[in-house]
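Undergrad: Build the 3D model from these lines:
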Amino acid sequence: MSSAPATPAAPPSTETPAPARTFWQRRVRDPIFALLTQGITPKRIAATFAVGTVCSLFPFFGFTTFLNLGVGLWLRLNQPILHTLNQLLGPVHVVMIFLYVRMGETLWGATTDRFTISEVFNTFREASFLEFLERFGWAGVHAFTAWALTAPVLLAGIYFPLRPVLEKFARRRVRTIPSP
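TA: Numbering: from 1, shown residues only. A predicted model of the protein is given here:
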């Protein structure tokens, strides 16, 4: 009668269990890390640049940060890229507000009530908010109209050319990273 050889018993594990994650790790560090690494594929980065540019050029002061935050959370885009882009486009934003107003005036056929940027700043500084809205409310409608009409074109004009460039860069990067 032949007996099967006894298999040696596995040595006892010397690994200690991982310590329990703290409240701060679960509630602060992990969500921040998730936001930093969210949307890091070439397609998502291209979408982040396109959406971030469109949101950063929204033609009203004080709304672009919240618009980027809300749309970025809704679409699960990379928040650091969105907000960095928003800050970098600040000077362009100011110029685009003026261009959007002029474009909207043309679209609406409003040629009689043109104004200068210094007039806007002086009125904002000196008049009440309601007086400011009364004077420049239609300019906001004109700017929003122009922005809404150009946003899809701008979005496509950034996303579609940028996506293949980022995909090519990602493929090249994967080839150059040494394997362990």
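
Undergrad: what about M96, how many neighbours?
TA: If you count neighbours by other Cβ atoms under 10 Å, M96 ends up with 20. (Each C-beta comes from the backbone N, C-alpha and C, glycine too.)

Undergrad: doesn't L57 make contact with it?
TA: Yes: counting by Cβ atoms under 8 Å, L57 is a contact partner of M96 at 4.9 Å.

Undergrad: lowest-confidence helix or strand of this protein?
TA: Each helix and strand of the chain was given a mean pLDDT (mean pLDDT, DSSP states H and E); the minimum falls on helix 30-37 at a mean of 69.

Undergrad: next SSE after it?
TA: helix 42-56 (DSSP states H and E).

Undergrad: Kindly export the strand or helix carrying L69 (C-alpha atoms) in CSV.
TA: Assigned by DSSP H and E, L69 falls within helix 64-75. Taking C-alpha atoms only, helix 64-75 is exported to CSV below (Å, rounded to 0.1, in the frame of the first residue of the first chain):
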residue,chain,number,x,y,z
THR,A,64,-16.5,80.4,-13.8
THR,A,65,-15.0,78.7,-10.7
PHE,A,66,-18.4,77.4,-9.6
LEU,A,67,-19.3,76.4,-13.1
ASN,A,68,-16.1,74.5,-13.5
LEU,A,69,-16.6,72.8,-10.1
GLY,A,70,-20.2,71.8,-10.8
VAL,A,71,-19.7,70.6,-14.4
GLY,A,72,-16.4,68.9,-13.4
LEU,A,73,-18.1,67.0,-10.6
TRP,A,74,-21.1,66.1,-12.7
LEU,A,75,-18.9,64.8,-15.6
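
Undergrad: Please identify the buried residues of it?
TA: T64, L67, N68, V71, G72 (16 or more other Cβ atoms under 10 Å).

Undergrad: what sits against the second one?
TA: Contact criterion Cβ atoms under 8 Å, 6 or more residues apart in numbering gives C55, F58 as the residues in contact with L67.

Undergrad: For it, give its distance to S118.
TA: Per Cβ to Cβ, to the nearest Å, L67 is found 27 Å from S118.

Undergrad: center of the chain - which residue?
TA: L82 (2.8 Å; Cα atoms, centre = their mean).

Undergrad: Give me the neighbour count for F160.
TA: Neighbours of F160 (other Cβ under 10 Å): 11.
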